[in-house]
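A.B. asks: Got a predicted structure here, sequence first:
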Amino acid sequence: MVVIDVLNDRDGRDYLLSKYGMRKVPVLAKGDEFAFGQMLDPFAKFAGLPMPGADRLSPEQLYKKYEMVFAAAQRYARQFPAERFRERVISHRERVIRTLCYHVFRIGESFLETWDGAEYSVKIADNEPPDEMQTGDDIARYGAAVWQRYETWWQGLDDRSLSRVLKTYYGDTVAHKLFERVTWHSAQHCRQLVAVLERMGIAADGPLTSEDLAGLPLPERLWE
């Protein structure tokens, strides 16, 4: 197996685009065939690996996890000093802290847009924060507003099994699967925000625990 680090290898990014027409990772490729890593079970199937415990969290369990993630991200956003809010999250990526805080909530908002008929496209959650969101408190308030929309959505659901099929850039996907994906995606970025706060010498306000995150298929490492 050959692993290409497209984050640091420019030739790797060019190869991914020229060979497969892909700009988004992770991708697992063999010959002319490939599978997106956005959903774990088809990725595992392509690799010939078992996928035990798929769908191990129900939509209701995911909803409760996501509520914790949203609340945590609001706390963390408010902790960043204003003068450091535009520092890079990590030195070799251009994304800044302000954008990452916003991204946590934008991921969730994108799911609601997809539920309402949009396609979960490659760049749907990669927006920069609007100009009016300049501080951590601004972005935390945005996160709170998105979660209010989630509460309305959940209370109005007729089918809480989330069996509806949604359109995504990696194919038609059952909503339950996409909801799992956005939940762990936001949770992973929360872990990163805690690490950045700690790097600044700031103790995170209520770090998410292993129990909080149990059942989410998170990467082992922070920056994968």
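C.D. replies: Cool, got the structure.
A.B. asks: Going along the chain, name the helices of this structure.
C.D. replies: Along the chain, the stretches classed as helices by DSSP state H are 10-20, 40-47, 59-79, 97-115, 136-155, 175-199, 210-213.
A.B. asks: Tabulate the ones you listed (TSV), appending distance to Val122.
C.D. replies: (C-beta placed from N, C-alpha, C; glycine too.) Output for the helices of the chain, formatted as TSV (distance: least, Cβ to Cβ, whole Å):
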stretch	distance to Val122
helix 10-20	12
helix 40-47	17
helix 59-79	22
helix 97-115	11
helix 136-155	21
helix 175-199	14
helix 210-213	26
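A.B. asks: Considering the ones you listed, which stretch scores lowest in mean pLDDT?
C.D. replies: Mean pLDDT is lowest for helix 40-47 among the helices of the chain, at a mean of 57.
A.B. asks: What sits closest to the residue nearest the centre of the chain if chain neighbours are left out?
C.D. replies: Geometric centre of the chain, nearest residue: His185, 2.4 Å, by Cα atoms, centre = their mean. Spatial nearest neighbour of His185, excluding adjacent residues (Cβ to Cβ, 6 or more residues apart in numbering): Ile107 at 5.2 Å.
A.B. asks: and what of Glu198?
C.D. replies: Excluding its sequence neighbours, the residue lying closest to Glu198 (Cβ to Cβ, 6+ apart) is Ala204, at 6.8 Å.
A.B. asks: Would you check that that neighbour makes contact with Leu197?
C.D. replies: Yes: the criterion here is Cβ atoms under 8 Å, and Ala204 meets it with Leu197 at 4.8 Å.
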